[in-house]
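Enquirer: can't give you the sequence, but here's the structure:
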């Protein structure tokens, strides 16, 4: 756990504790001062900037972004009142706190001090724009000519030419984030797929999530029937076993808990059927549909492959429908490591809120619930192991292969699955997917997971 994660989680725990104690209205404006007292060694340039960053992080916990702050003197208590009344806007999901975004330079290629000005000078000869020259026995790059192609880096025998990264920009697979004219990071939401890679990569913790926490906490505190729908990747996030985790969630106030892996069982069955139907009608390729960041990628960047994407609903969608049919008055909360699930939930009437694993961890800590010390109880409806494996890269394909060997399909003639896995989306894999869209690849089933390793590598995971 790095310093950014530690601070974020400490703040969540304090926020949740004060909310349930009924004193958050009185304490919220003092939290930044109490967490960063005068004698605290500042993490940034000064203790006052530390406090300002905590203030904006509290605003994000309540669903507000810095860009909505018109009056800097407005108390956090006032924002809390609006959030409790439902007057907070949690769209877009991400917000950039530009106050803290000042430490990064633009991503560019540069010459380090290990350059010895060698006689061969391959960097000079390979540069397509003649941007590299040798001055005083050291290579020099003219930034006005350089196109950051990196060719000079690849040929330098001393590895003296390096790329100075802009972490959030380098992490984004679709070019949705970068510096604006004021030298501050800005997210282009018309391109953003909400994968959360920038959120995880930012070393200054200035990219924040507009949380839905207030709505969830109010529902729990007011005694509403709140059903937790837990993502398959949860078993690798917390100590203890899944049976103990279910009991812990009930101790935290959830009325019932259901595994989204049960929905994954339904997704597996439907996606297998859809695959065979598509192949029988002559389609060359079908891609998976359970990763919402992948669906956003298709909508915004790869419309040519949209006809090849499975129309089968995601495990969350199937699970939400099951909960809605069983509990008509329930508040339905999806809990997982994914930011993009918020996009999916916004168009799904069967999901009310999305909570990250990080927030759930803070909730359990605030309630002082130790999962390992809880007495486990047998699950009423345990999910199949292949469905729980959905959280890992290749898990969807393995589940479909398991399904076609089941009684339903094994006596039927069907085409062989020729699978390919995209384990983490980046610019290179995007180009590969474009080749699939043109029919230039032999495989007929493409599983795409935007996060490395699958959902277990999501931006709001606790264990990595």
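Expert: Cool, the structure landed. Computed from a predicted structure; not experimentally measured.
Enquirer: quick one: what helix or strand has residue 387 in it?
Expert: Here residue 387 sits within helix 385-388, counting by DSSP states H and E.
Enquirer: quick check: domain ranges of the chain?
Expert: 3-103+175-211, 108-164, 216-457 (automatic domain parsing).
Enquirer: what residues does the helix holding residue 387 touch?
Expert: Residues outside helix 385-388 that contact it (Cβ atoms under 8 Å, 6 or more residues apart in numbering): 232, 235, 259, 261-262, 264-265, 268, 315, 395, 398-399, 402. Yep, even glycine has a C-beta here, placed from its N, CA and C like the rest.
Enquirer: In that helix, which residues are buried?
Expert: 386, 387, 388 (16 or more other Cβ atoms under 10 Å).
Enquirer: Now do residue 151 against residue 204, distance only.
Expert: For residue 151, the distance to residue 204 (Cβ to Cβ, to the nearest Å) stands at 31 Å.
Enquirer: what do you get for residue 60?
Expert: Distance from residue 60 to residue 204, by Cβ to Cβ: 14 Å.
Enquirer: So for those two, which sits in the more crowded spot?
Expert: residue 60 (23 against 19; other Cβ atoms under 10 Å).
Enquirer: quick check: longest helix of the chain.
Expert: The single longest helix within the chain, with elements called by DSSP state H, is helix 260-280.
Enquirer: What residues sit buried inside it?
Expert: 260-276, 278-279.
Enquirer: For this structure, name the helix or strand with the lowest mean pLDDT.
Expert: The helix or strand of the chain with the poorest confidence is helix 407-410; it has a mean of 62 (mean pLDDT, DSSP states H and E).
Enquirer: Check which helices and strands the helix or strand following that helix sits against.
Expert: Per DSSP H and E, the first helix or strand lying C-terminal to helix 407-410 is strand 419-423. Contacts defined by 3 or more Cβ pairs under 8 Å, 6 or more residues apart in numbering; DSSP states H and E place strand 419-423 against helix 427-437, strand 445-449.
Enquirer: Return the list of strands paired to the last one, each annotated with direction.
Expert: For strand 445-449, the paired strands and their directions (DSSP bridges) are strand 286-287 (parallel), strand 419-423 (parallel).
Enquirer: by how many degrees do that strand and helix 260-280 diverge?
Expert: Between strand 445-449 and helix 260-280, the angle comes out at 150 degrees (axes from the mean of the first three to the mean of the last three Cα atoms, to 10 degrees).
Enquirer: tell me the mean pLDDT for strand 445-449?
Expert: Mean pLDDT, strand 445-449: 95.
Enquirer: Next up, the contacts around residue 284.
Expert: If you count contacts by Cβ under 8 Å, 6+ apart, then residue 284 has 439, 444 around it.
Enquirer: Could you list the low-confidence segments of the chain?
Expert: For the chain, residues meeting the criterion pLDDT under 70 lie at 102-103, 406-414, 464.
Enquirer: returning to what we had before: just the contacts of helix 385-388 now: which is nearest residue 129?
Expert: Comparing those against residue 129 with Cβ to Cβ places residue 395 closest, at 44.9 Å.
Enquirer: wait, doesn't the closest one sit right on residue 454?
Expert: Yes. Applying Cβ atoms under 8 Å, one finds residue 395 in contact with residue 454, separated by 6.2 Å.
Enquirer: quick one: contacts for residue 294?
Expert: 193, 287, 288, 425, 448, 449, 450.
Enquirer: Please name the bridge partners of residue 256.
Expert: Beta-bridge partners recorded for residue 256 (DSSP bridges): residue 227.
Enquirer: Can you name the residues that contact it?
Expert: Counting by Cβ under 8 Å, 6+ apart, residue 256 has contacts 225, 227, 228, 250, 327, 330.
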